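Chemist: next one to model:
(one chain, ligands or ions: 2)
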Amino acid sequence: MDEGRSCGDCSLCCKLLGVEAIDKPAGSWCGHFHRGRGCSVYETRPAACATFNCLWLSSPGLDERWLPDRSHLVLFTEQDGRRLTVVVDPSDPLAWRREPFYSRIKAMSQRAADGYELLISTGDRRAVVFPDQDIDLGLVDPSHKIISGYADRDGARVPFAMVLSDVADATVIPGP
Ligand code: SF4
Ligand code: SF4
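Modeler: Ligands and ions are numbered 1, 2, ... in the order given. Sure, this is the predicted structure:
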């Protein structure tokens, strides 16, 4: 974590992220959160809460405009760093399309060429961002797996994103 940064008054992850241990759904405020007082179970909060650090805390390159409760975006990595997830506050679903955020998100998606994924998560809606296009997957059951990358089509590399509920039931959304 960047030593100069702390959560301060921000608490957006207590709204946007799901916490399985306490059956807290993603996208709505945790019942333990009280504005002005914070987490009422702080000393015994779930490990998932205690260990969570969004990228803003550790990334000096994300300036104050990216502060989650200001940008309405919570960024974190998962899948051993292979996926960057941008969780968007459902009450401001176009926040990620505004500047300076969108240009930076597109720049970060350049790593798709190396097998990394940049996922936009807004409530149950998912989209995968590539440098030259965004693939909207629509509403996705959170238990279903998303994979994405590039495929060869007629000699060209085209991006694709896919929702897997199981192998026999795959929804493939190719790029144009
Ligand atoms: S979103 Fe980030 S800065 Fe805000 S409370 Fe959570 S970990 Fe802290
Ligand atoms: S238990 Fe506490 S830290 Fe965890 S989501 Fe709820 S309010 Fe936030």
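
Chemist: got a list of contacts for stretch 54-61?
Modeler: Contacts to stretch 54-61, defined as CB atoms under 8 Å, 6 or more residues apart in numbering, come from residues 1-2, 4-7, 13, 62, 66-68, 74-77, 84. The C-beta positions use only the backbone N, C-alpha and C, and glycine is treated the same way.

Chemist: which ones among the residues you listed lie within strands?
Modeler: V74, L75, F76, T77, L84 (DSSP state E).

Chemist: near ligand 1, which residues of this protein?
Modeler: Neighbours of ligand 1 within the chain, by CB under 6 Å from any ligand atom: C7, C10, S11, L12, C13, F52, N53, C54, W56, L57, P68, V74.

Chemist: any chance of the ones in strands among the contacts of stretch 54-61 in a markdown table, plus distance to P46?
Modeler: Below are the ones in strands among the contacts of stretch 54-61 laid out as a markdown table (distance: CB to CB, whole Å):
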| residue | distance to P46 |
| --- | --- |
| V74 | 17 |
| L75 | 21 |
| F76 | 16 |
| T77 | 20 |
| L84 | 23 |
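
Chemist: please parse the protein into its domains.
Modeler: Here the domain parsing of the chain from automatic domain parsing is 1-54, 72-174.

Chemist: could I get the residues of the chain next to ligand 1 as JSON lines with distance to T44 and pLDDT?
Modeler: As requested, the residues of the chain next to ligand 1 are exported to JSON lines (distance: CB to CB, whole Å; pLDDT from 0 to 100):
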{"residue": "C7", "distance to T44": "18", "pLDDT": "94"}
{"residue": "C10", "distance to T44": "21", "pLDDT": "95"}
{"residue": "S11", "distance to T44": "17", "pLDDT": "96"}
{"residue": "L12", "distance to T44": "22", "pLDDT": "97"}
{"residue": "C13", "distance to T44": "18", "pLDDT": "98"}
{"residue": "F52", "distance to T44": "16", "pLDDT": "96"}
{"residue": "N53", "distance to T44": "19", "pLDDT": "96"}
{"residue": "C54", "distance to T44": "22", "pLDDT": "98"}
{"residue": "W56", "distance to T44": "26", "pLDDT": "97"}
{"residue": "L57", "distance to T44": "22", "pLDDT": "97"}
{"residue": "P68", "distance to T44": "24", "pLDDT": "98"}
{"residue": "V74", "distance to T44": "23", "pLDDT": "98"}
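
Chemist: which of the domains of the chain sits most buried?
Modeler: Of the domains of the chain, the one with the most neighbours on average (mean count of other CB atoms under 10 Å) is domain 72-174, at a mean of 15.
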